[in-house]
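J.: Sharing a model that was predicted from the sequence below.
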Amino acid sequence: MKINKIDEKFIGTEVTIKGWIRTVRDQKNFTFINVNDGSQINGLQIVASEDRTKNYTTIIPQLTVGAAISATGTLVKSPAPEQPVELQAENITLIGTCPTEEYPLQKKRHSFEFLRTIAHLRPRTNTFGAVARVRNALAFASHKFFQEHGFLYIMTPIITGSDCEGAGQMFQVTTLKFNELPKTATGEIDYTKDFFAHPTFLTVSGQLNVETACCALGNVYTFGPTFRAENSNTSRHLAEFWMIEPEIAFADINDDMDLAEAYLKYVIAHLFENCASDMVFFDKFIEKGLIDRLKNVINNPFERITYTQAIELLEKAPKKFEFPVKWGCDLQSEHERYLTEELFKKPVIVTGYPKEIKAFYMRRNKDDKTVAAMDVLVPGIGELIGGSQREERLDVLEKRLEEMQLDKKNYWWYLELRKYGSIPHAGFGVGFERLVLFATGMENIRDVIPFPRYPGHAEF
């Protein structure tokens, strides 16, 4: 039986649990063993004794922190107030030994930096077990939200020939041998000899591909890994991360904002319903006040302002920013956090960004200076969701590609969506790891993904 399924209604019954030992306290004639199976933050206390546990004298000397065991016995009410029940063991079986002197996870506080070096073991700690359960719950809630709202789940390709953002910072995929590169007559690399016969890359976003489904099937979403070859060593960037990207048909920027707000409220509420003990843990040990901060997200409407209004508010701010503020600049994290944490004290949706700082596919507004883009800014993080109404006018989109010096041949199929039955549509992207950061109060994005990839690091 999983520990998270055990409660007082099973008192007096025989149960068997399996898990890993967190602590062992030997008191001569009886021993207290705390076992955790990963199903919840708290383990279950097993009480072994000479008169009850059949193999007591032979098994107890073999039990060490980190060892895997199976225990069968009777569930009884615990005399300790911090735990409702405990297991009086009748039989204990050692499944996997663990040499104490070599085991890295001794009963002491380990730094998150150290735990990254043993990423294969860190899920056994309270913090990273809780992160894993919250990450799982957020992923499930994301699928549940979109499925309940009639969206189709579309799997988009990981290998692509198009750069969604136009940034050019992509990981190239090739089977060519670097020391034997085939060349053309002009001395360039001959990609016709490569596996796909032209340059290909790991995707930075599934958006362009999922738009094709939106323009045929209606509301759709994709949820998958994405990659950025940015040499960024910050607590907010990864080279490999996951994105949730819905696309809504016959929709404008206002529909996009409504969907983003409803989605965020839904998944946070799901955590309180399904990860209550983990949320209490994060509130107590990681970020005091986390629960109140998240409930504020659920219980209050998001503030909505234009980029121009945001700049005016930042220019009037009674504080000096590290990055100067002026119309046309991209908002930095310090600007976003001022708006959400100090000024409005809740999430803020900013719309109408200058076209020069946004991607080519965003719909140009009537002022010809801004685009129908929106960012959802949240306390503690800054930008969490970025989206836009897509440019559905063929001539405007072609002109924008030319302005950004992007080769239209690479986007021929994307342009044809605007040629054959074009519709207004919109969507957004949620950086899943940033969402986990926001929900847990963890400070470094490398600690909310099982195996972080960043410059110089691709272990495990």
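T.: Nice, I can see it. Numbering: from 1, shown residues only.
J.: got a list of what residue 352 touches?
T.: By C-beta atoms under 8 Å, 6 or more residues apart in numbering, the contact set of residue 352 is 306-308, 365, 370-373. For every residue, glycine as well, the C-beta is placed using N, CA and C.
J.: Kindly report the same for residue 19.
T.: For residue 19, the contact set (C-beta under 8 Å, 6+ apart) comprises 3, 35-38, 43-44, 68-69.
J.: Quick one: classify the residue sitting furthest away from the middle of the chain as helix, strand or coil.
T.: The centre of the chain is farthest from one residue, residue 51, which by C-alpha atoms, centre = their mean lies 49.3 Å away. What DSSP: H, G, I helix; E, B strand; the rest coil gives for residue 51 is coil.
J.: What distance do you get for it to residue 268?
T.: Going from residue 51 to residue 268 by C-beta to C-beta, to the nearest Å gives 50 Å.
J.: And the pLDDT at residue 109?
T.: As predicted, residue 109 sits at a pLDDT of 88.
J.: so can I have CSV of the contacts of residue 19 showing distance to residue 249 and secondary structure?
T.: Shown next, in CSV, are the contacts of residue 19 (distance: C-beta to C-beta, whole Å; DSSP: H, G, I helix; E, B strand; the rest coil):
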residue, distance to residue 249, secondary structure
3, 45, helix
35, 51, strand
36, 46, strand
37, 44, coil
38, 41, coil
43, 48, coil
44, 50, strand
68, 50, strand
69, 54, strand
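J.: Need the max-distance pair from the contacts of residue 352.
T.: The largest separation in the contacts of residue 352, counting by C-beta to C-beta, is between 308 and 372 at 13.8 Å.
J.: So for these two, which sits in the more crowded spot?
T.: With neighbours defined as other C-beta atoms under 10 Å, residue 308 and residue 372 compare such that residue 372 has more, 23 against 17.
J.: Distance of the more buried one relative to residue 346?
T.: In terms of C-beta to C-beta, residue 372 sits 23 Å off from residue 346.
J.: quick one: which of the contacts of residue 352 is most hemmed in?
T.: Greatest neighbour count in the contacts of residue 352, by other C-beta under 10 Å, goes to residue 371: 28 neighbours.
J.: and residue 337, that one's in a strand?
T.: No: applying three-state DSSP, one finds residue 337 to be helix, outside a strand.
J.: Quick one: neighbours of it, just the number.
T.: Applying other C-beta under 10 Å, we find 18 residues neighbouring residue 337.
J.: Going by distance to residue 233, which of the contacts of residue 19 wins?
T.: Nearest to residue 233, judged by C-beta to C-beta, of those is residue 38 at 31.1 Å.
J.: one step back: kindly indicate which of the contacts of residue 352 lies nearest residue 23.
T.: residue 373 (52.1 Å).
J.: what about that closest one, helix or strand, and which?
T.: strand 370-378 (DSSP states H and E).
J.: other SSEs contacting that strand?
T.: With contacts defined as 3 or more C-beta pairs under 8 Å, 6 or more residues apart in numbering; DSSP states H and E, strand 370-378 has these neighbours: helix 253-274, helix 333-337, strand 348-354, strand 382-389, strand 425-431.
J.: Let me have the ones you listed in CSV, extended by mean pLDDT and distance to residue 320.
T.: CSV is the format used below for the helices and strands packed on strand 370-378 (pLDDT from 0 to 100; distance: least, C-beta to C-beta, whole Å):
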stretch, mean pLDDT, distance to residue 320
helix 253-274, 98, 31
helix 333-337, 95, 10
strand 348-354, 98, 21
strand 382-389, 97, 18
strand 425-431, 98, 29
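J.: Could you dump those into a markdown table and include distance to residue 77?
T.: Formatted as a markdown table, those follow (distance: least, C-beta to C-beta, whole Å):
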| stretch | distance to residue 77 |
| --- | --- |
| helix 253-274 | 26 |
| helix 333-337 | 48 |
| strand 348-354 | 50 |
| strand 382-389 | 44 |
| strand 425-431 | 44 |
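J.: so which of those comes closest to residue 130?
T.: Between these, helix 253-274 lies closest to residue 130; by C-beta to C-beta that is 11.0 Å.
J.: Pull out the buried positions in the closest one.
T.: Buried residues in helix 253-274, counted by 16 or more other C-beta atoms under 10 Å: 253, 255-257, 259-261, 263-271.
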